[in-house]
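Engineer: Provided below for reference: sequence and predicted model.
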Amino acid sequence: MAVGSIDKIIIANRGEIACRVMDTCRKLGVKTVAVYSEADANSRHVQEADEAYCVGPAEAKDSYLRAEKVLEVANATGAKALHPGYGFLSENASFADACNSAGVTFMGPPSSAIEAMGSKSNSKEIMIAAGVPCTPGYHGDDQEPEKLKAHADDVGYPVLIKAVMGGGGKGMRLVHKPEDFLESLESCKRESINSFGDDKVLLERYLTAPRHVEVQIFGDTHGNAVHLHERDCSVQRRHQKVLEEAPAPGLDQTLRERMGEAAVKAAKAVNYVGAGTVEFLMEAGTDDFFFCEMNTRLQVEHPVTELVTGVDLVEWQLRIAAGEPLPILDQDQIKTKGHAIEARIYAENPARNFLPATGHLFHLSPPTGEGVRVDTGVRQGDDVSVFYDPMISKLICYDENREKAIDKLLASLKEYEVVGMPTNIPFVEKCAAHEAFRKGGVTTGFLEIYADDVQIPEGVEASDTAKGLAALALAIEGIKSTNGFVDNGFRLHGRAQRILNFKSNDDTTSQINVWSNRDGSYDIEVSPDKVFTNVKGSYDVANRTITAVIDNKAFKASAVISNDGNDRVVSLWSQEAGKFFEDKEYYAAMTVEGDIVGASVGSGAAGAVLSPMPGKIVSVNYAVGDVVKAGDVVMILEAMKMEHPLIAPGDGVIGSLGGGEGDLIQDGQQLFVVEAEEVAA
């Protein structure tokens, strides 16, 4: 089978988007070729492709960004077309030209459209000429820092500095005061040159209460263009989208039509072909909207549009690449039904300022059910590495109206089980459950306005009930794994004791005792003041489920036991709020010291700064012996494509440096030490 002349495509990407494209190709009978880095040799997208070829080492610049190597694989395998996914080479005009020159159809717009829309300043000029409303600002070639500051003063503060070639929230800085402009400009330019190879910026007036509303558009090679309605992506953190939904809440039909028509104008102004997204900023409480940028690729959040329109956007991409006209040419025939919301599930720690996390997915159980869709590129047993975006999946929920879609999303988040690394699931749940979000029409300032409401506290102590369940699961697991007898004297028959040392959040330990009784029940002493007696319970090791009756209350929960070095970690999920935590949470994780005596505990020197995550040092601002003040930025660490400044913890001199610019470092690695001046002397 084939779509027109296309019977095989190569996917120049990885992870969930590569798997998503493969899903449609299988449906249509189109063969797929995957490319992968050495780090991704056993990844899901490699396993699901019909063919797969390694294109280089782990770092993207040595593999996924090697355009010539990707095209070499395309030609060798006879792939007729190339799907770029998003990120990597997807918005690279030179790569699009190289594909077409090599006889491989680039499944995206022509290079002229990518170039026109890739430059934020040039795109604004094109949009103004096409009659698309644009935000006031400066889009010129004058890039001298002092002159840019003068332009910023003219535009007025707050002002947004944006990398001309930027996207995805990178190369963007919001400046509130004139005295902060030059420092923010320098940081923005550095991030832009590292991410996009270009440090040119533009300036825009920052709307004080903006909503981010974008429109999905499609064009074909016959000059046709349509839109598939809008999405609201206003819930953002550092310009990275957290929740996306379709349709946008609170817009009347006239405004929807105006935005759709403006988006189609934008597409036709650059002879657009394929899938694209026109992003607008709306001033909340008004009908005013302004062109922000155009993404010349399929968006991460495209599933919400698919669910409300019933259109497979990847299938449209394939048909357009094959030279077919748009499957639907009459705009009035493209309608929406119901409501869909997407949440991005990331390996990151919201209690520690969203530090990206890496590790092994010891347990992964996503939610299922009618109207629940999970797009992912990982499986249980996979690793989340330092080299790529830490997304675990996209969770998309659909129902007949917005209220029901939100309820379904919240229920699905409670069912999502991940063990092996922290995730943003608790944070996403608080955002989606917030009264302001449920009301609809929030602005991009949502997370700043309601920061206290959605904050995830670090080190929430588990309840006595949760500790009791965890101890019971460990005790029963020990019995089953040793045919009724374990080293520490816990026996299946008769009254025997097991002692467990639970770690508290302050790294102290507390002893929990579990006794087995002759009648098959258990006594669990969580503390001298709290003893659960005659607990009836069982732990299904294979299905990782614990059931118990404690103080005449029945509990049933998922219980996953994993290893963390010499320690054991018990993760519990309950569908009933308030079962585990005092603050009504439904999830608990507890660590129990292992049996190995003398396990080493890493620590840094006094005044030492350790890396909060794996990453790369991109800037070292001081040398050994230099004097620093508390708060000075000594190093800048890049992790997951974002910059993280590392500051001096106090006044003193740099006593040692643990790495240099360009070095890859590990989580917890000592990076520098600040010594008191009298000590250094």
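Structural biologist: Received it, and whenever you're ready, just let me know what you need.

Engineer: wait, what's in contact with Ser365?
Structural biologist: By C-beta atoms under 8 Å, 6 or more residues apart in numbering, Ser365 lies in contact with Gln380, Glu415, Tyr416, Glu417, Ser558. In this view, the C-beta of every residue, glycine as well, is placed from N, C-alpha and C.

Engineer: and the nearest residue to the second one once chain neighbours are set aside, what helix or strand is that in?
Structural biologist: Yep, that's Glu415 we're talking about. Of all residues not flanking Glu415 in the chain, Pro367 sits nearest, at 3.9 Å (C-beta to C-beta, 6 or more residues apart in numbering). Using DSSP states H and E, Pro367 sits within no helix or strand.

Engineer: right, and Pro367 touches Ser393 too?
Structural biologist: No. Using C-beta atoms under 8 Å, Pro367 is not in contact with Ser393; the gap is 10.2 Å.

Engineer: intersection of neighbour lists for the two?
Structural biologist: What both Pro367 and Ser393 touch, as defined by C-beta under 8 Å, 6+ apart, is the set Val374.

Engineer: Neighbour count for the two, which is higher?
Structural biologist: Ser393 (22 against 18; other C-beta atoms under 10 Å).

Engineer: now the helices for the stretch 451-600 of the chain?
Structural biologist: 451-454, 464-481 (DSSP state H, counting those that start in this stretch).

Engineer: want to throw those helices into TSV with distance to Thr24, mean neighbour count and mean pLDDT?
Structural biologist: Compiled in TSV, those are given as follows (distance: least, C-beta to C-beta, whole Å; neighbours: other C-beta atoms under 10 Å; pLDDT from 0 to 100):
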stretch	distance to Thr24	mean neighbour count	mean pLDDT
helix 451-454	35	13	96
helix 464-481	42	23	82
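
Engineer: could you dump these to TSV with distance to Glu677?
Structural biologist: Shown next, in TSV, are these (distance: least, C-beta to C-beta, whole Å):
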stretch	distance to Glu677
helix 451-454	37
helix 464-481	47
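
Engineer: Between those, which one is closest to Ser521.
Structural biologist: Evaluated with C-beta to C-beta, these place helix 464-481 nearest to Ser521, the distance being 10.6 Å.

Engineer: nearest to Ala266, of the contacts of Ser365?
Structural biologist: Of these, the one sitting nearest to Ala266 (C-beta to C-beta) turns out to be Tyr416, at 36.6 Å.

Engineer: dump the residue contacts of the closest one.
Structural biologist: With contact set as C-beta under 8 Å, 6+ apart, Tyr416 has these partners: Ile345, Ser365, Pro366, Pro367, Leu395, Ile425.

Engineer: Please identify which of those is nearest to Val526.
Structural biologist: Distance to Val526 across these (C-beta to C-beta) is lowest for Ile425, with 26.6 Å.

Engineer: can I assume that closest one is in contact with Arg344?
Structural biologist: No. Applying C-beta under 8 Å as the test, Ile425 and Arg344 come out as separate, 10.6 Å apart.

Engineer: burial count for Gly118?
Structural biologist: Applying other C-beta under 10 Å, we find 23 residues neighbouring Gly118.

Engineer: just Gly103 next, same as before
Structural biologist: Neighbours of Gly103 (other C-beta under 10 Å): 11.

Engineer: Tell me if I am right that it is in a helix.
Structural biologist: No. Using DSSP: H, G, I helix; E, B strand; the rest coil, the assignment for Gly103 is coil, not a helix.

Engineer: Can you tell me how far it is from Asn75?
Structural biologist: Separation of Gly103 from Asn75 (C-beta to C-beta, to the nearest Å): 8 Å.

Engineer: what do you get for Leu610?
Structural biologist: 47 Å.

Engineer: Which residue of the two possesses the greater neighbour count?
Structural biologist: More crowded of Leu610 and Asn75, by other C-beta under 10 Å: Leu610, with 18 against 12.

Engineer: you'd agree that one is up against Phe672?
Structural biologist: No. Contact criterion C-beta under 8 Å: Leu610 and Phe672 do not qualify, at 9.5 Å.

Engineer: Okay, strands next: where are they in the stretch 451-600 of the chain?
Structural biologist: 497-503, 509-516, 522-527, 530-540, 545-550, 553-564, 567-573, 587-592 (DSSP state E, counting those that start in this stretch).

Engineer: Pull the distance from the third one to the chain's centre.
Structural biologist: Translated: strand 522-527. Chain-centre distance of strand 522-527: 40 Å, with C-alpha atoms, centre = their mean, to the nearest Å.

Engineer: So which bits of it are buried?
Structural biologist: For strand 522-527, a neighbour-count test (16 or more other C-beta atoms under 10 Å) marks Tyr522, Asp523, Ile524, Glu525, Val526 as buried.

Engineer: Also stretch 158-173?
Structural biologist: Of all the residues in stretch 158-173, those buried under the rule 16+ other C-beta under 10 Å are 159-168, 170-173.

Engineer: Taking those, tell me the two that lie furthest apart.
Structural biologist: Val159 and Gly168 (20.5 Å).

Engineer: Any idea how far stretch 607-617 is from the middle of the chain?
Structural biologist: With C-alpha atoms, centre = their mean, you get 21 Å for stretch 607-617.

Engineer: Same check on stretch 658-665?
Structural biologist: The chain centroid and the centroid of stretch 658-665 are separated by 25 Å under C-alpha atoms, centre = their mean.

Engineer: repeat for stretch 345-364
Structural biologist: 10 Å.

Engineer: Can you get me the start-to-end distance on it?
Structural biologist: For stretch 345-364, the first-to-last residue distance is 12 Å (C-alpha to C-alpha, to the nearest Å).

Engineer: Pull out the buried positions in stretch 299-317.
Structural biologist: 299-309, 311-317.

Engineer: mean confidence score for it?
Structural biologist: On average, the pLDDT along stretch 299-317 is 98.

Engineer: Likewise for stretch 43-51?
Structural biologist: Stretch 43-51 comes out with an average pLDDT of 98.

Engineer: Output stretch 459-469 as PDB, restricted to C-alpha atoms.
Structural biologist: Extracted C-alpha coordinates of stretch 459-469, given in PDB (Å, rounded to 0.1, in the frame of the first residue of the first chain):
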ATOM      1  CA  GLY A 459       9.700  16.700  51.300                       C
ATOM      2  CA  VAL A 460       6.000  16.300  52.200                       C
ATOM      3  CA  GLU A 461       6.000  13.700  55.000                       C
ATOM      4  CA  ALA A 462       3.900  10.600  54.400                       C
ATOM      5  CA  SER A 463       1.100   9.800  56.800                       C
ATOM      6  CA  ASP A 464       1.200   7.000  59.300                       C
ATOM      7  CA  THR A 465      -1.200   5.000  57.200                       C
ATOM      8  CA  ALA A 466       1.100   5.300  54.100                       C
ATOM      9  CA  LYS A 467       4.100   4.300  56.200                       C
ATOM     10  CA  GLY A 468       2.200   1.300  57.500                       C
ATOM     11  CA  LEU A 469       1.200   0.200  54.100                       C
END
